[in-house]
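Undergrad: would you be able to build a 3D model of this:
(2 chains)
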Number of protein chains: 2
Amino acid sequence: MHSDVPFAVWSRERQQRVEDVLARALSNDAMPAPQRLGDAMRYAVLGGGKRVRALLVYASSEIQRSDPAHVDGCAAALELMHAYSLVHDDLPCMDDDALRRGKPSCHVAFGEAIALLAGDALQTRAFAMIAQSGVRDRSAAFVLLAEAAGASGMAGGQAIDLEATGRVLDLAELTAMHRMKTGAVIRASVLSPSDMTALQRYADAIGLAFQVVDDLLDVEGATAVIGKSAGKDAANDKPTFVSLLGLAAAKERAEALRADARDALVPFGDRARRLGEIADWIVDRQF
Amino acid sequence: MHSDVPFAVWSRERQQRVEDVLARALSNDAMPAPQRLGDAMRYAVLGGGKRVRALLVYASSEIQRSDPAHVDGCAAALELMHAYSLVHDDLPCMDDDALRRGKPSCHVAFGEAIALLAGDALQTRAFAMIAQSGVRDRSAAFVLLAEAAGASGMAGGQAIDLEATGRVLDLAELTAMHRMKTGAVIRASVLSPSDMTALQRYADAIGLAFQVVDDLLDVEGATAVIGKSAGKDAANDKPTFVSLLGLAAAKERAEALRADARDALVPFGDRARRLGEIADWIVDRQF
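TA: Predicted coordinates for the structure are as follows:
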């Protein structure tokens, strides 16, 4: 079916696809909002981002050979959830980051109050997208997304992160934090179209790999390329996989996670090809 | 069935009922969260509030004569959504209110970052409660709640409110703002257990009445009784029904809305008794 389409082409096509779904979902027709709030939401979501979560949704749906149209809502929901978390993360009372995806953060562009509300409304919009999606089991997708985003998932991971700043975490604590903070939503991206427990191992591995590579890029990357302020974690005395393991061992860890992810996909054969390619892409990316 | 139970007894029983549901939903068993985040969420939700939205859910479910157990999740969801909005509203970048329900606001007690996350996670928890509830049509309840809370509802109303401060709104604009800001979630409370369009008129009327009475109490109430800082709206130069209509006409408006709400209930006879009593309670309350 897609064996002759290179990953770069497939991913560009799917990125464009979810961009269109998101643009429609945040348009004034689909979501009549006060102008400035709507503008802030669109600013925070559209025209940027790697769309890793959406790509995972599409790639995972290929395991069931389902029509991408059935998971468009799901893919968009995961991106909206991610975008809301970035907007709130960047606020002065949180990470206080002025730069995001190479542009001024939402609160720099629109003010703190509107950014707070835009984040709030993006979370709401994420759940609305699931309600309107054609995903196989909507109730399961709801529960998955709610658990991934809430106090036991992303928001909980943020809370641990907040309190960990300036404190020494060991590897188990750091791993547990990231499993909640970013891993839970990545896991939901993989599992929402097809709740196959066999995919959990893959999802766990790439979720963690994503964070390890993020930490590597924070040290080795250039601000212009990664689109946010480089070296910020070290400056904030935040524990990272690099500060804990050192550069070489962190790279080895990323490779081990890639191997683990790929290994988990073996039983699915060619249907898991895109998931495998995403694992490579996550580990090899320079941005 | 309940014709001999006075409203004060019925409402106390239902308030206690939703309190128990909320306490379970936010317990460490049901929601394993980092200690401080969980504490902030429980602080913001439990042991306070009039539970108007939960009472509306229970009262509305009596129209269909459904078991209160079927709508417990829905009642809790509406209260969680309301509590999240209060936590974010009180933040320094929004209304900057240090007092809520007679206690220090969440950010005063827990710090801004944890309050932000607690609000975020309470919204997530609200959607999770719908997913787990026994309400008749879960998908419809989801859409209703998402539309009520999002950019076209509560969050949108907040955005309009922000930009209206210090500007003169006319009555139509003020009404439209409150229809979004508080009216939408109150409407969702009435409609989520039984999406009868005939109840929309009732829901619209009490939603607006609630706000008119809030504005009256901000002028006439005592801080100790209403549990938040009185006179704050006038001090902030916020447009209110009292500043626009004057005290006497605002009172007349509240009475007209009560009459309108009661009138809309006539076709439902005794099954709408509690909804009627809630309309009275909203208009007559001194807190």
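Undergrad: and A:Asp263, how many neighbours does it have?
TA: Using other C-beta atoms under 10 Å in any protein chain shown as the criterion, A:Asp263 is surrounded by 12 other residues. Every residue, glycine included, has its C-beta placed from N, CA and C.
Undergrad: next helix or strand past the helix or strand where it lies?
TA: Secondary-structure assignment from DSSP states H and E places A:Asp263 in helix A:247-265. Scanning forward in sequence from helix A:247-265, with DSSP H and E defining helices and strands, the next element found is helix A:273-284.
Undergrad: alpha carbons only: can I get that following helix in PDB?
TA: Taking C-alpha atoms only, helix A:273-284 is exported to PDB below (Å, rounded to 0.1, in the frame of the first residue of the first chain):
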ATOM      1  CA  ARG A 273       6.400   0.500   9.400                       C
ATOM      2  CA  ARG A 274       5.500   4.200  10.000                       C
ATOM      3  CA  LEU A 275       5.700   3.700  13.800                       C
ATOM      4  CA  GLY A 276       9.200   2.300  13.300                       C
ATOM      5  CA  GLU A 277      10.200   5.200  11.100                       C
ATOM      6  CA  ILE A 278       8.800   7.700  13.700                       C
ATOM      7  CA  ALA A 279      11.000   6.000  16.300                       C
ATOM      8  CA  ASP A 280      14.000   6.700  14.100                       C
ATOM      9  CA  TRP A 281      12.900  10.200  13.400                       C
ATOM     10  CA  ILE A 282      12.500  11.000  17.100                       C
ATOM     11  CA  VAL A 283      15.900   9.700  18.000                       C
ATOM     12  CA  ASP A 284      17.800  11.100  14.900                       C
END
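Undergrad: returning to what we had before: what pLDDT, on average, does the helix holding A:Asp263 get?
TA: Within the predicted structure, the mean pLDDT of helix A:247-265 is 96.
Undergrad: what is that helix packed up against?
TA: The contact analysis (3 or more C-beta pairs under 8 Å, 6 or more residues apart in numbering or on different chains; DSSP states H and E) places helix A:247-265 against helix A:198-220, helix A:241-245, helix A:273-284.
Undergrad: for that helix, buried residues please.
TA: Using 16 or more other C-beta atoms under 10 Å in any protein chain shown as the burial criterion, the residues of helix A:247-265 that qualify are A:250-251, A:253-254, A:257-258, A:260-262, A:264-265.
Undergrad: also stretch A:10-20?
TA: For stretch A:10-20, a neighbour-count test (16+ other C-beta under 10 Å) marks A:10-11, A:14-15, A:17-19 as buried.
Undergrad: before we move on, back to that, can you state the direction angle for the helix holding A:Asp263 and helix A:198-220?
TA: Using axes from the mean of the first three to the mean of the last three C-alpha atoms, to 10 degrees, the direction of helix A:247-265 lies 160 degrees away from that of helix A:198-220.
Undergrad: how about the CA coordinates for helix A:247-265, as PDB?
TA: What follows is helix A:247-265, C-alpha atoms only, in PDB (Å, rounded to 0.1, in the frame of the first residue of the first chain):
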ATOM      1  CA  LEU A 247      26.300  13.200  27.300                       C
ATOM      2  CA  ALA A 248      27.600   9.800  26.100                       C
ATOM      3  CA  ALA A 249      25.400   7.700  28.300                       C
ATOM      4  CA  ALA A 250      22.300   9.800  27.500                       C
ATOM      5  CA  LYS A 251      23.000   9.100  23.800                       C
ATOM      6  CA  GLU A 252      23.400   5.400  24.500                       C
ATOM      7  CA  ARG A 253      20.100   5.500  26.400                       C
ATOM      8  CA  ALA A 254      18.300   7.000  23.400                       C
ATOM      9  CA  GLU A 255      19.700   4.300  21.200                       C
ATOM     10  CA  ALA A 256      18.600   1.600  23.600                       C
ATOM     11  CA  LEU A 257      15.100   3.000  23.700                       C
ATOM     12  CA  ARG A 258      15.000   3.100  19.900                       C
ATOM     13  CA  ALA A 259      15.900  -0.600  19.800                       C
ATOM     14  CA  ASP A 260      13.300  -1.300  22.400                       C
ATOM     15  CA  ALA A 261      10.600   0.500  20.400                       C
ATOM     16  CA  ARG A 262      11.600  -1.200  17.200                       C
ATOM     17  CA  ASP A 263      11.600  -4.600  18.900                       C
ATOM     18  CA  ALA A 264       8.100  -4.100  20.200                       C
ATOM     19  CA  LEU A 265       6.900  -3.500  16.700                       C
END
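Undergrad: ok, back up a step: CSV for the buried residues of helix A:247-265, including distance to B:Ala76?
TA: Below are these laid out as CSV (distance: C-beta to C-beta, whole Å):
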residue, distance to B:Ala76
A:Ala250, 43
A:Lys251, 47
A:Arg253, 41
A:Ala254, 42
A:Leu257, 39
A:Arg258, 42
A:Asp260, 39
A:Ala261, 38
A:Arg262, 43
A:Ala264, 37
A:Leu265, 40
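Undergrad: thinking again about what came up before, which of the buried residues of stretch A:10-20 fall in helices?
TA: Of the positions in the buried residues of stretch A:10-20, A:10-11, A:14-15, A:17-19 sit in helices, assigned by DSSP state H.
Undergrad: mind putting those into CSV with pLDDT and distance to B:Met94?
TA: Supplementary listing: these in CSV, determined by pLDDT from 0 to 100; distance: C-beta to C-beta, whole Å:
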residue, pLDDT, distance to B:Met94
A:Trp10, 97, 43
A:Ser11, 96, 39
A:Arg14, 97, 37
A:Gln15, 97, 34
A:Arg17, 98, 36
A:Val18, 98, 31
A:Glu19, 98, 31
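Undergrad: can you tell me which two in those are farthest apart?
TA: Checked with C-beta to C-beta, those reach their widest spread between A:Trp10 and A:Glu19, with 14.8 Å between them.
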